[in-house]
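Engineer: I need the structure of the sequence given here:
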Amino acid sequence: MRVDAHQHYWSIERGDYGWITPDISVLCRDFLPQHLEHHLHKHKLDGSIVVQAAATHAESDYLLALSEASDTILGVVTWLDLADPDYRNHYERFAQHPKFVGFRVMIQEMADANAILAPSFVEALAFFAEKRVPVDLLVVSHQLEPLVKLLDQVPGLHAVIDHMAKPRIKDGILEPWKSQMSQIAAHPHIYCKLSGMVTEADHSSWKPSDFKPYIEHVLAAFGTDRVMYGSDWPVSLLAASYDDVVAVLAEALPSTWTEAEREKLFGLNAKEFYRI
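Structural biologist: Reported below is the predicted structural model:
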């Protein structure tokens, strides 16, 4: 099975996406399964994991409903607010859907990432760790210090770091991202998505070589069994085509990699992580 482990769909008229404004013309339109089918077919992908792009339960319900009419949607990662006292009930409702595969915590949107160290937040994640529920972690590189502390408190968490934790690719800065990602990778149940790279580079003048040291470090730290390919389409269109995103990753892979290792990156690891 070949899987795009991270992409989004949206209908602008729903009004869930305040961050998509008319001045971002490339994104300010509908993106639905029929718009991705060509790319999936071209790259021999069986389907994708659709990830929430709005912090609303309504958008999560919309994506789950959308999945019922599309065979290429292999799973849906919903939104869940762990600060909501009712989060378990929301989780139980989403979990009844056959294409629910997990939820995402949007640390990126927190004014202070240290909020994830609050006892109630740690308790919530411990609950999901015990159930082995897949959790996506949307985090920016400058927020990694509290995340490292959190994972030490919830060592069994079954989670994946989205977009390689958004390192400072545009500036060519590796530390402290590199050291902190190594600490995170020491937890055997944490995976990493090789996604969202092009939008962290210079949108108009990036080069494939810009990404190589970041990709190489993730592969070395997490190994071939805990990495996933994700396009982050259509957000990636801000800086690159779908073909470019695939090419950037493929070009950076070690020449010694076997076909079996490539199959893990481009689908089998996602299949195992999300249990699809």
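Engineer: Flag the shaky bits of this structure, pLDDT-wise.
Structural biologist: Applying pLDDT under 70 to the chain picks out no residues at all.
Engineer: Quick test: name the residue nearest the centre of it.
Structural biologist: residue 162 (3.5 Å; Cα atoms, centre = their mean).
Engineer: Next, give phi and psi for the residue nearest to that one when sequence neighbours are not counted.
Structural biologist: Nearest residue to residue 162, sequence neighbours excluded (Cβ to Cβ, 6 or more residues apart in numbering): residue 138, at 4.8 Å. C-beta here means a position set from N, CA and C on the backbone, and glycine is covered the same way. When read as degrees, to the nearest 10, the backbone of residue 138 gives phi -90, psi 110.
Engineer: Next up, the contacts around residue 138.
Structural biologist: Residues near residue 138 by Cβ atoms under 8 Å, 6 or more residues apart in numbering: 104-109, 162-163.
Engineer: same thing but 10 Å
Structural biologist: 51-52, 104-109, 161-163, 165-166, 196 (Cβ atoms under 10 Å, 6 or more residues apart in numbering).
Engineer: Next one: residue 78 from residue 252, what distance?
Structural biologist: 31 Å (Cβ to Cβ, to the nearest Å).
Engineer: More neighbours: which of those two?
Structural biologist: residue 78 (25 against 19; other Cβ atoms under 10 Å).
Engineer: Bridged to the more buried one, which residues?
Structural biologist: Beta bridges link residue 78 to residue 103 when assigned by DSSP bridges.
Engineer: Excluding chain neighbours, what is closest to residue 53?
Structural biologist: Closest to residue 53 by Cβ to Cβ, 6+ apart is residue 8, at 4.5 Å.
Engineer: quick one: the helices in this structure?
Structural biologist: 33-42, 57-67, 87-95, 119-131, 144-153, 177-185, 212-222, 242-252, 259-263, 269-274 (DSSP state H).
Engineer: Output these as a markdown table; include the columns distance to residue 2.
Structural biologist: Shown next, in a markdown table, are those (distance: least, Cβ to Cβ, whole Å):
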| stretch | distance to residue 2 |
| --- | --- |
| helix 33-42 | 9 |
| helix 57-67 | 18 |
| helix 87-95 | 26 |
| helix 119-131 | 28 |
| helix 144-153 | 29 |
| helix 177-185 | 24 |
| helix 212-222 | 18 |
| helix 242-252 | 11 |
| helix 259-263 | 8 |
| helix 269-274 | 9 |
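Engineer: Mind checking these for the one nearest to residue 200?
Structural biologist: Ranking the helices of the chain by proximity to residue 200 (Cβ to Cβ) places helix 212-222 first, at 8.7 Å.
Engineer: Who are the packing partners of the closest one?
Structural biologist: strand 159-161, helix 177-185, strand 190-194, strand 227-229, helix 242-252 (3 or more Cβ pairs under 10 Å, 6 or more residues apart in numbering; DSSP states H and E).
Engineer: How far off centre is that helix?
Structural biologist: Relative to its chain's centre, helix 212-222 lies at 16 Å (Cα atoms, centre = their mean, to the nearest Å).
Engineer: ok, now stretch 15-25?
Structural biologist: Offset of stretch 15-25 from its chain centre (Cα atoms, centre = their mean): 20 Å.
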